[in-house]
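Peer 1: Quick one: sequence plus predicted model below, questions after.
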Amino acid sequence: MDAARLKESWSLVAAHGDQVPLYFYSTLFLANPETRQMFPTNMAGQRDRLVTALGHIVSHVDQVDSLVGFLQDLGADHRKFAVRAEHYPAVGGALVATLRHFLGAAWTDELAQDWTAAYGLVSQVMIDAAQAAETKAPPWWVAEVLGHERRAFDLAVLTLRPQYLLPFTPGQSIGVSHPAVRSWRYYSPANAPRADGTLELHVRAAPGGAVSSRLVYGCAVGDQLHLAAPVGDRLTLWPAGSADLLLLASGTGWAPLKALIEQVAGEGSRRRVDLYVGARSRGEFYDSEVIDKLAASYPWLTVTYVVGTDFQQPGAFAHVVDQALADEDFRSRHVYVCGSDEMVSHSVARLTEVGYQAGQLHHEGFGKHWYGPMWRTANAPDNFGGVR
């Protein structure tokens, strides 16, 4: 298997843009119509994800150690889509047909052997991981909606109770799907693990978001949802040891940071925690009552609200990071940032600019995180971590 040859051929194919996933899915569904039900009705969001996923795998094909963990996560995650081992050959056939079509005269017997071998390795790692995961956890958990509180027109706070304990670490995200929607979206619970196993989710309806819109507008107490295994560790506290914390949140990015505060409280540590919460206007602080109660309960927690829009200064916008940098030197702390892509990217840039090190900055990657397979990733979050 020639890694350089694989990368070069994929670059040629990827240059065809949206035509590539369109041809791939058409080939897959025509030859294997039973696979269509695994996908959402609207396939528009699938196209970029296929190219992104394949590009990631091919670009790391010569770094097997780093790629294996990624593929194992994908294989285990596939279970929630009812993907079985017998589906992989169908996907491999559609992939080879797609490559052959777009490479044309550049498609050779050597390339066919390379891609067949590469896909064989990838699929076997994923199949093995899925089988191993079967012994540890179900493909998904069924959860009942115990509470559904609308905090704004497009925002709701849900309380869920899984039928079986769903273990997670504060800062991780959990896949959520409504039975009526063939899509998954990831949300970070706004609580540390509880004795009763309940979860609190903060959901903002995203434009065109089938899952988020269903959860906000079409969900009620008593409904059942499906939950997938938790993923991610970029917002978890383990890298921070016992360090003091600076937490920067905007919108529903507050949710995972609330879970971290509960974790710190549960540990009984002596950390100092400064929380800055931003919103465009005062009316958008949808969870201020809870935030104020936490601040009143824990002397080690300091809360600062930052209103982004100042009507006396049209065009000006205040960022939480700028307020934090103006207030105090926090360079001895670990910093956790969660909000919109723009908020996170601006915050990380400003912190880096004034001397904060990469190892002390914890964030989700400006919306670039996604947890999904190379051919079926309906769970690429437009609000991974709580910002929908």
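Peer 2: Thanks, I have the structure now.

Peer 1: Specify the next element, helix or strand, located C-terminal of the helix or strand of the chain with the lowest mean pLDDT.
Peer 2: Every helix and strand in the chain was compared by mean pLDDT, DSSP states H and E; the lowest is helix 44-59, with a mean of 68. Sequence-wise, the next helix or strand downstream of helix 44-59 (DSSP states H and E) is helix 64-77.

Peer 1: Got the domain ranges for this structure?
Peer 2: 3-134, 141-227, 238-362 (automatic domain parsing).

Peer 1: Just say which of the ones you listed is most tucked in.
Peer 2: Highest mean neighbour count among those (mean count of other C-beta atoms under 10 Å): domain 141-227, with a mean of 19. All C-beta spots, glycine's among them, are computed from the backbone N, C-alpha and C.

Peer 1: quick one, longest helix in the chain?
Peer 2: With secondary structure taken from DSSP state H, the chain has its longest helix at helix 109-134.

Peer 1: Return stretch 201-219 as PDB; C-alpha atoms alone will do.
Peer 2: C-alpha atoms of stretch 201-219 as PDB (Å, rounded to 0.1, in the frame of the first residue of the first chain):
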ATOM      1  CA  LEU A 201     -29.400  19.900  28.200                       C
ATOM      2  CA  HIS A 202     -29.400  23.500  27.000                       C
ATOM      3  CA  VAL A 203     -30.600  23.500  23.400                       C
ATOM      4  CA  ARG A 204     -30.800  26.400  20.900                       C
ATOM      5  CA  ALA A 205     -32.700  25.700  17.700                       C
ATOM      6  CA  ALA A 206     -30.200  26.100  14.800                       C
ATOM      7  CA  PRO A 207     -31.500  27.300  11.400                       C
ATOM      8  CA  GLY A 208     -32.300  24.200   9.400                       C
ATOM      9  CA  GLY A 209     -31.300  22.000  12.400                       C
ATOM     10  CA  ALA A 210     -33.700  19.000  12.400                       C
ATOM     11  CA  VAL A 211     -32.700  17.700  15.800                       C
ATOM     12  CA  SER A 212     -32.300  21.000  17.600                       C
ATOM     13  CA  SER A 213     -35.600  22.300  16.200                       C
ATOM     14  CA  ARG A 214     -37.400  19.200  17.200                       C
ATOM     15  CA  LEU A 215     -36.000  19.400  20.800                       C
ATOM     16  CA  VAL A 216     -37.000  23.000  21.200                       C
ATOM     17  CA  TYR A 217     -40.300  23.200  19.400                       C
ATOM     18  CA  GLY A 218     -41.600  19.700  19.100                       C
ATOM     19  CA  CYS A 219     -40.600  18.000  22.300                       C
END
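
Peer 1: can you confirm Val203 is in a helix?
Peer 2: No: checked against DSSP: H, G, I helix; E, B strand; the rest coil, Val203 lies outside a helix; its state is strand.

Peer 1: mind listing what the nearest residue to it once chain neighbours are set aside touches?
Peer 2: Ranked by C-beta to C-beta, 6 or more residues apart in numbering and with sequence neighbours excluded, the top spatial neighbour of Val203 is Leu215, at 4.7 Å. Contacts for Leu215 (C-beta atoms under 8 Å, 6 or more residues apart in numbering) come out as Ala156, Leu158, Val176, His178, Leu201, Val203, Ala205, Leu225.

Peer 1: swap the cut-off to 10 Å and go again
Peer 2: If you count contacts by C-beta atoms under 10 Å, 6 or more residues apart in numbering, Leu215 has them with 145, 148, 156, 158, 176-178, 181, 185, 187, 201, 203-205, 209, 223, 225, 388.

Peer 1: swap in Ile127?
Peer 2: Applying C-beta under 10 Å, 6+ apart, we find Ile127 in contact with Gly75, His78, Val83, Arg84, Ala85, Glu86, His87, Tyr88.

Peer 1: I'd assumed the residue nearest to Val203 was in a helix, is it?
Peer 2: Yes: Leu215: assigned to a helix according to three-state DSSP.

Peer 1: Roughly how far does it sit from Leu225?
Peer 2: 8 Å (C-beta to C-beta, to the nearest Å).

Peer 1: what do the two both touch?
Peer 2: Shared contacts of Leu215 and Leu225 (C-beta under 10 Å, 6+ apart): Val145, Leu158, Val176, Ser177, His178, Leu201.

Peer 1: which secondary structure elements does whatever helix or strand the third one lives in contact?
Peer 2: Right, Val176. Using DSSP H and E, Val176 sits within strand 174-177. Strand 174-177 sits against strand 141-152, strand 155-162, strand 185-187, strand 199-204, helix 210-217, strand 224-227, with contacts defined as 3 or more C-beta pairs under 10 Å, 6 or more residues apart in numbering; DSSP states H and E.
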